[in-house]
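Trainee: show me how the following folds:
(2 chains)
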Amino acid sequence: MGNFFRLVATLTIIAALASFGLSAVYNSTHEITEEYKRQEEASARMAALACSPEATFEHTVTECQLDGRAFEYDTAMLDGEVIGYSFKAYGKGYSSTIETIVGVDLTGTICGIKITFQQETPGLGAKVMEVASQNTLWDVVGGNAVDETDVKPWFQVQFEGRTADELVVVKNPTEDGILAITGATISSDAVTNSIRRGLELLTSIVNGEGDVPCEAAPEGMEPVGDAGATGANPAAEGEGR
Amino acid sequence: MNAVSELTKGVYRENPVFRLALGLCPALAVSTSVENGLGMGAAATFVLLGSNIVVSLIRKAIPAKVRIPCYIIVIASFVTVVELVMGAYLPELSKSLGIFIPLIVVNCIILGRAEAFASKNGIFRSILDAIGMGIGFTFALVLISALREILGDGKLMGYMVFGPNFKPVLMMILAPGAFITMGLLMGMFNVIDERRQRKG
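Mentor: As a prediction, the model looks like this:
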């Protein structure tokens, strides 16, 4: 019995020490991580709404369900006028849910997107974030490398200027559409389809006349029905799938 | 065995990937680019060093029956430390390594060294063993990932190696490429060793 007690005691002590150590590390890194996430989100929204960088945002939570969560979007305001929207899309990829912030103008055209979270396979699906350098290794070794601090991730740039109808994944560079990442079609599809679904739902909400699939924000929020009515959207009356 | 040899054995003679065939899962999965290989190697080395030190320190206090759960707790704690610290200070690397950082917990090199070495040796030797094995693992990852990145993506460290007309061998960046590269490298090291033995 004494032996049994010793086994339990040893494990308990080690687990307790480990927990203390970990909570200490967590406390000292938590703030930095959170701050980084906040900055990321803010800069993502700026990048996504490249067509209106000075806008202020008004958050709306809808009762619509999209991909298993409540659909939320932000209305971008500039000088009291609605100039666009941004929303967050969640796409189930190969090994994670890929989160993307999407900026849209009043015609339903994407200004820009920014992926804020993914845990896809490094080297394959993770390339949705890739910033491809145009410098060759020899340029870098020889000191002829061009400064590339402003280069954007190539996969995400493809979404700019597209409407919901034009969000189609293609595998051949000669076709028009979102060029899939080689070897990572699932991740490419996940991003593209989640954005298209979000965009279709957003369109039907802000154009909200007649058969809006799910309308009306919770109490205390401004009704979203008329918000974007001025910029009637030519894009499909897509039901939120 | 002297101290220097304790340090160098992990690099070649007992290289964890090519010789002991340990830690193959991360070696296959993360070796798509040199950058990822280096990051994974460094993270695993840190965990290995930490767990070897702690296991060597507490080895006499732990009853044999619960040693494995104890090692796992120690290893898991160090992995969580790496994950938290990396998320705070190296967020880009942490993003690109994604799911593979938590998976260091089940990297058998680390548990293997804790069980086979640190639990039987003093702290000094355990540190040397951890550093040597860490370097060996990193070396293996960098070698595999360099070959795969050059052939499968036409790049090295994210920079193009060939002209724009180079058509990458896509298979090399996918899982089969990892197996092929690793198999050929293992074979190559065996051939080198055989030659050496015949001469000696």
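Trainee: can we go C-alpha only for contacts and neighbour counts from here?
Mentor: Will do.
Trainee: from the chain's centroid, how far away is stretch A:173-180?
Mentor: Mean C-alpha position of stretch A:173-180 versus that of the full chain (CA atoms, centre = their mean, to the nearest Å) differs by 21 Å.
Trainee: what residue, apart from its backbone neighbours, is nearest residue A:131 spatially?
Mentor: residue A:153 (4.1 Å; CA to CA, 6 or more residues apart in numbering or on different chains).
Trainee: correct me, but the one you found touches residue A:126?
Mentor: No - using CA atoms under 8 Å, residue A:153 makes no contact with residue A:126, being 11.5 Å away.
Trainee: more neighbours, the two?
Mentor: Each of residue A:153 and residue A:126 has its neighbours counted (other CA atoms under 10 Å in any protein chain shown); residue A:126 has more, 21 against 17.
Trainee: how many other residues sit next to the closest residue to the more buried one other than its chain neighbours?
Mentor: For residue A:126, ignoring the flanking residues on the chain, the nearest one in space by CA to CA, 6+ apart is residue A:120 at 4.9 Å. By other CA under 10 Å, the residues close to residue A:120 number 25.
Trainee: ok, now residue A:11?
Mentor: Using other CA under 10 Å: residue A:11 sits among 18 other residues.
Trainee: distance of it from residue B:69?
Mentor: 8 Å (CA to CA, to the nearest Å).
Trainee: how many neighbours does residue 128 have?
Mentor: Defaulting to chain A. Neighbours of residue A:128 using other CA under 10 Å come to 23.
Trainee: try again with chain B
Mentor: 22.
Trainee: one more: residue B:83?
Mentor: 18.
Trainee: that one reaches residue B:101, doesn't it?
Mentor: Yes - look at residue B:83 against residue B:101 with CA under 8 Å: they come within range, at 6.5 Å.
Trainee: list residues touching both of the two?
Mentor: residue B:94 (CA atoms under 8 Å, 6 or more residues apart in numbering or on different chains).
Trainee: low-confidence ranges in chain A?
Mentor: Applying pLDDT under 70 to chain A flags the ranges A:1-2, A:44, A:46-54, A:122, A:145, A:147-150, A:208-241.
Trainee: name the residues of it found near chain B, please.
Mentor: A:6-7, A:10-11, A:14-15, A:18-19, A:22, A:25-26, A:29-30, A:32-33, A:36, A:117-124, A:126, A:132-138, A:140, A:182-183 (CA under 8 Å from any CA of the partner chain).
Trainee: show me the residues you listed that map onto strands.
Mentor: residue A:117 (DSSP state E).
Trainee: weed out the non-buried ones from the residues of chain A next to chain B.
Mentor: A:7, A:10-11, A:14-15, A:18, A:22, A:25-26, A:29-30, A:33, A:36, A:117-124, A:126, A:132-137 (16 or more other CA atoms under 10 Å in any protein chain shown).
Trainee: who in chain B is up against chain A?
Mentor: B:29-30, B:32-33, B:36, B:62-63, B:65-66, B:69-70, B:73-74, B:77, B:80-81, B:84-85, B:87-89, B:95-99, B:155-156, B:158-163, B:170, B:173-174.
Trainee: which residue is nearest the middle of chain A?
Mentor: In chain A, the residue lying closest to the centroid (CA atoms, centre = their mean) is residue A:100, at 0.9 Å.
Trainee: that one is in contact with residue A:90, isn't it?
Mentor: Yes - if you go by CA under 8 Å, residue A:100 and residue A:90 touch, sitting 6.5 Å apart.
Trainee: mind listing what residue B:9 touches?
Mentor: Contacts for residue B:9 (CA under 8 Å, 6+ apart) come out as B:15, B:132-133.
Trainee: and it, backbone torsions?
Mentor: Taking degrees, to the nearest 10, you get phi -60, psi -30 for the backbone angles of residue B:9.
Trainee: how about the strands in chain A?
Mentor: A:56-66, A:69-78, A:81-92, A:97-105, A:110-117, A:169-170, A:178-179.
Trainee: who touches the longest one?
Mentor: I take that to be strand A:81-92. Taking CA under 8 Å, 6+ apart as the rule, strand A:81-92 contacts A:45, A:48-49, A:52, A:55, A:67, A:72-77, A:97-106, A:187, A:190-191, A:193-195, A:198, A:227-228.
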